[in-house]
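Visitor: quick one: sequence and predicted model below, then my questions.
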Amino acid sequence: MSTDDILERSVRYLSGVGEKRADAWAESHGVRTVRDMLRFYPRRYLDRSTTTRVRDLQEGDTVTVMGTVRTYDVVPGKRSKRFELILEDDTGQTMKGTWFQGLWWIRKAFSVGERVALHGTVQKYGRWFSITHPDFDRLNDDAAALDTGRIVALYPGGQAMEAVGLTSRSVRRIIYRFFKEHGLELREQLPDWLVAQHDLMEGRVALRAIHFPKSHDELEQATRRLKFEELFYIQLLLATTRHKRQDVAGPAFDAPGPHTRRFVDEVLPFELTDAQRRAARDIVRDTQTGIQMNRLVQGDVGSGKTVVAVLAMLQAYDSGYQSAFMAPTEILAEQHAASLAEYLEPLDLHPTLLTGSQSATEREAALDAVARGASPIAVGTHALIQETVTFDRLGLAVVDEQHRFGVMQRAEMFAKGERPHMLLMTATPIPRSLALTLYGDLDVSKIDEMPAGRKPVTTVQRHEKQRADVYAFIRERIAQGEQAYVVYPLVEQSEKLDLKDAESGYETLQATFPEATVGLVHGRMSADAKDETMRAFKAGDIDVLVSTTVIEVGVDVPGATVMLIEHAERFGLSQLHQLRGRVGRSDTQSYCILMAGYKQSAEAKQRLAAMTRTTDGFEISEEDLRIRGAGDFFGTRQSGMPELKLADITEDTDILETARNAATAVINRDPTLSEATHAELASYFERYYADRSMGFLRVG
Ligand code: ADP
Ligand code: MG
């Protein structure tokens, strides 16, 4: 029987499983095949050396305590009832586990005399040590194993699992039997030379050890091998893509021509920064090779990425090609169309805007102009351009705020056969190790320098009772001829409610600033209405612009110096940073005021603290990553990224680097994985990774 077959076999037919258990396992944890089961990793390990006795407890420590349930009950309290359990450890000392929620369900979970392990952070109340809402394991079945001094794996459970007897102990037995009967059928997928080179534990041994570690050292080795594997396959995917790209032909542009020169000499109202020049040079070089460019321009909000794109589009134009400029939202597409039009007007070039809300006639005319090649640049949302537009001679696609799109969209953007140069722009600075994973198949130019004269935005947190002061401050700024944004959160679930927030805020502000012009813009307005309001704001005809988060990215109104964010505690960190990036776009001092409720989650506090501490996008994104964790940061759940079960991209950076080097080495040596030594690797990779969509990586 081949490896593939055994891995794909249903767990249903393994000793100790059967139909009911298989169903519960599949439903609770997605375990269907042997491969799933082997990767159903323990949630925690227990042994004598990693548990703490009551006498050694210290307030604030996070610990696991094993013991016997002495009493438990729901007890009345001053404010509310709670459930208390008294646990006696093996030395006869006692502590408490306390629950405030789910009392009746919890009550049924225990019985007196049973062995349990409580896990959590210790607090002290009077003479009692207590863990509130501890993570717990009922050890009755496992006590014997633990008593023999083994390291015992505890698995994810749940009610459905318990109902069919799939306790940690039975899972261990099932997996144990599997290894006994079939362990030798598991073959090494990674080539021997790679395993040797990186001093990895053999695959089969690692899988066995992660479930049945003989020592902490063995567990560590096994974990390292399996983390390596997870990261290696993703890197292999990227390395393959990168390699394939090497022979993807792209249009061969000419060196920058007359329009570029005129733009730089006559139109551009400022000097390019060195960083902008470097990025522009990278593009000029890439686009002349005849190989498709895939370049990411990474630069903090306000660093001036748009101009770099304009230069690239002018080079395309002088080389006889059209460009597509894609933005994540309609409002941004409109904004960009307007600012591009302004830049390009003096050169007598006119970008064509495509929006979902154009009239049929307008749209047809626009599409026709692009199709005939009469329009040099099409601007629209990425969906629109991808789905509806045919170009005469597309040479360059600019994707603004790339982090909003997945890699899949990027890969399939022009699957119709067009291979324009791809210029991706993102304001999300990410640590190098993450960049390797996220953009591992791209070349990167960094704009790590702000235009001269910019002052960091002063950021403060304010509360409701300071509202009058905040308004007084805004009044002063307006009197100086400056402008302000007031932003309300938009939470999808209650769009109507939030809209009401923005609308009533709009009314309040109108009443508060009778001397000023207050405008309102939100996602439900027609594109025309939005456009008109934005234009009026940009022209300085509106002093205070109230909005929902539609203005989050890319909007550029240099005269705006105040950003007031209502309910700031509800926004994500990168979102707050993006919003703040709407001000500070000139040499006038700008301000960001975070209006926050008194009730804040711990995470919200951290986010707001980060905002007032730094304006550095790099620091902000590291903090964001730290607060949210990698899974959420990447949005992997929704996007079908091969899930990382063990590896953590933020923590396992050294393994990630090693995996990346290894993957590159494999592909350099054997790009098509056809050497005999790569046969197992090739079939495993093919089966579980290569056909996966590339849509897995998405930030923001
Ligand atoms: P982002 O990188 O956030 O997309 P933009 O391209 O919107 O930034 O540029 C932000 C603002 O800075 C714009 O008003 C733009 O005209 C201006 N700008 C860009 N480059 C320079 C420069 N080298 N010197 C001065 N201002 C610049
Ligand atoms: Mg931008």
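Guide: Done, it's in. Numbering: from 1, shown residues only. Ligands and ions are numbered 1, 2, ... in the order given.
Visitor: what's the neighbour count on Tyr343?
Guide: Per other C-beta atoms under 10 Å, the neighbour tally for Tyr343 reads 20. C-beta: built from backbone N, CA, C; applies to glycine.
Visitor: now it. Nearest residue, chain neighbours left out?
Guide: Val310 (5.5 Å; C-beta to C-beta, 6 or more residues apart in numbering).
Visitor: looking at this structure, what residue ends up closest to ligand 1?
Guide: Proximity to ligand 1, evaluated over the chain using C-beta to the nearest ligand atom, is greatest for Gly304 at 2.8 Å.
Visitor: what is the three-state secondary structure of the closest residue to Ala309 other than its chain neighbours?
Guide: Excluding the flanking residues, the one nearest Ala309 by C-beta to C-beta, 6+ apart is Val398, at 4.6 Å. For Val398, the secondary structure call by DSSP: H, G, I helix; E, B strand; the rest coil comes out as strand.
Visitor: and Val398, how far is that from Thr306?
Guide: 9 Å (C-beta to C-beta, to the nearest Å).
Visitor: and the two? which has more neighbours close in?
Guide: Neighbour comparison, Val398 and Thr306: the larger count goes to Val398, with 28 against 19 (by other C-beta under 10 Å).
Visitor: quick one: the residue nearest to Tyr343 and Ser339, what's the gap?
Guide: Where Ser339 is concerned, Val310 sits at a distance of 9 Å (C-beta to C-beta).
Visitor: settle it for me: which of those two has more neighbours?
Guide: Remark: of Val310 and Ser339, Val310 carries more neighbours, 24 against 19, as counted by other C-beta under 10 Å.
Visitor: okay, and that one sits in which element?
Guide: Mapping Val310 onto the secondary structure by DSSP states H and E places it in helix 305-318.
Visitor: what is that helix packed up against?
Guide: In terms of contacts (3 or more C-beta pairs under 8 Å, 6 or more residues apart in numbering; DSSP states H and E), helix 305-318 is packed against helix 258-262, helix 274-286, strand 294-299, strand 322-327, helix 330-344, strand 394-399, strand 421-426.
Visitor: reformat those as JSON lines; add mean pLDDT and distance to ligand 1.
Guide: Shown next, in JSON lines, are the helices and strands packed on helix 305-318 (pLDDT from 0 to 100; distance: least, C-beta to the nearest ligand atom, whole Å):
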{"stretch": "helix 258-262", "mean pLDDT": "96", "distance to ligand 1": "16"}
{"stretch": "helix 274-286", "mean pLDDT": "97", "distance to ligand 1": "6"}
{"stretch": "strand 294-299", "mean pLDDT": "89", "distance to ligand 1": "5"}
{"stretch": "strand 322-327", "mean pLDDT": "92", "distance to ligand 1": "10"}
{"stretch": "helix 330-344", "mean pLDDT": "85", "distance to ligand 1": "8"}
{"stretch": "strand 394-399", "mean pLDDT": "93", "distance to ligand 1": "11"}
{"stretch": "strand 421-426", "mean pLDDT": "90", "distance to ligand 1": "7"}
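Visitor: Ala369 is in contact with Thr352, correct?
Guide: Yes: Thr352 lies in contact with Ala369 (C-beta atoms under 8 Å); the separation is 5.5 Å.
Visitor: now do the contacts for the spatially closest residue to Thr287 that is not a sequence neighbour.
Guide: The shortest distance from Thr287 to any non-neighbouring residue, by C-beta to C-beta, 6+ apart, is to Phe253 (4.1 Å). Phe253 is in contact with Thr287, Gln288, Gln315, Ala316, Ser319, Tyr321, Gly395, His421, counting by C-beta atoms under 8 Å, 6 or more residues apart in numbering.
Visitor: if you set the cut-off to 10 Å instead, what comes out?
Guide: 283-284, 286-290, 293, 312, 315-321, 395-396, 421 (C-beta atoms under 10 Å, 6 or more residues apart in numbering).
Visitor: may I have stretch 506-515 as PDB, with CA atoms only?
Guide: Coordinates of each C-alpha in stretch 506-515 appear next as PDB, following Å, rounded to 0.1, in the frame of the first residue of the first chain:
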ATOM      1  CA  TYR A 506     -23.400  64.900  11.200                       C
ATOM      2  CA  GLU A 507     -26.400  66.800  12.500                       C
ATOM      3  CA  THR A 508     -24.800  67.500  15.900                       C
ATOM      4  CA  LEU A 509     -21.700  68.800  14.100                       C
ATOM      5  CA  GLN A 510     -23.700  71.100  11.900                       C
ATOM      6  CA  ALA A 511     -25.300  72.500  15.000                       C
ATOM      7  CA  THR A 512     -22.000  72.800  16.800                       C
ATOM      8  CA  PHE A 513     -20.200  74.500  14.000                       C
ATOM      9  CA  PRO A 514     -22.800  76.800  12.500                       C
ATOM     10  CA  GLU A 515     -20.000  78.900  11.000                       C
END
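Visitor: can you pull the buried residues of that stretch?
Guide: Of all the residues in stretch 506-515, those buried under the rule 16 or more other C-beta atoms under 10 Å are Tyr506, Leu509, Gln510, Thr512, Phe513.
Visitor: out of those, which comes closest to Phe391?
Guide: When the buried residues of stretch 506-515 are compared for distance to Phe391 (C-beta to C-beta), Tyr506 wins out at 40.8 Å.
Visitor: Thr352 and Ala369 - which one has more neighbours?
Guide: More crowded of Thr352 and Ala369, by other C-beta under 10 Å: Thr352, with 22 against 16.
Visitor: list the residues that contact that one.
Guide: Contact partners of Thr352, counting by C-beta under 10 Å, 6+ apart, are 322, 325, 337, 341, 365-370, 374-380, 389.
Visitor: burial of the residue nearest to Glu27 when sequence neighbours are not counted, as a residue count?
Guide: Setting aside the residues directly before and after it, Glu27 is nearest to Ala160 in space (C-beta to C-beta, 6+ apart), at 6.1 Å. Residues contacting Ala160 under the criterion other C-beta under 10 Å number 14.
Visitor: how about Ala484?
Guide: 26.
Visitor: surely it and Ser547 touch.
Guide: No: using C-beta atoms under 10 Å, Ala484 is not in contact with Ser547, being 11.1 Å away.
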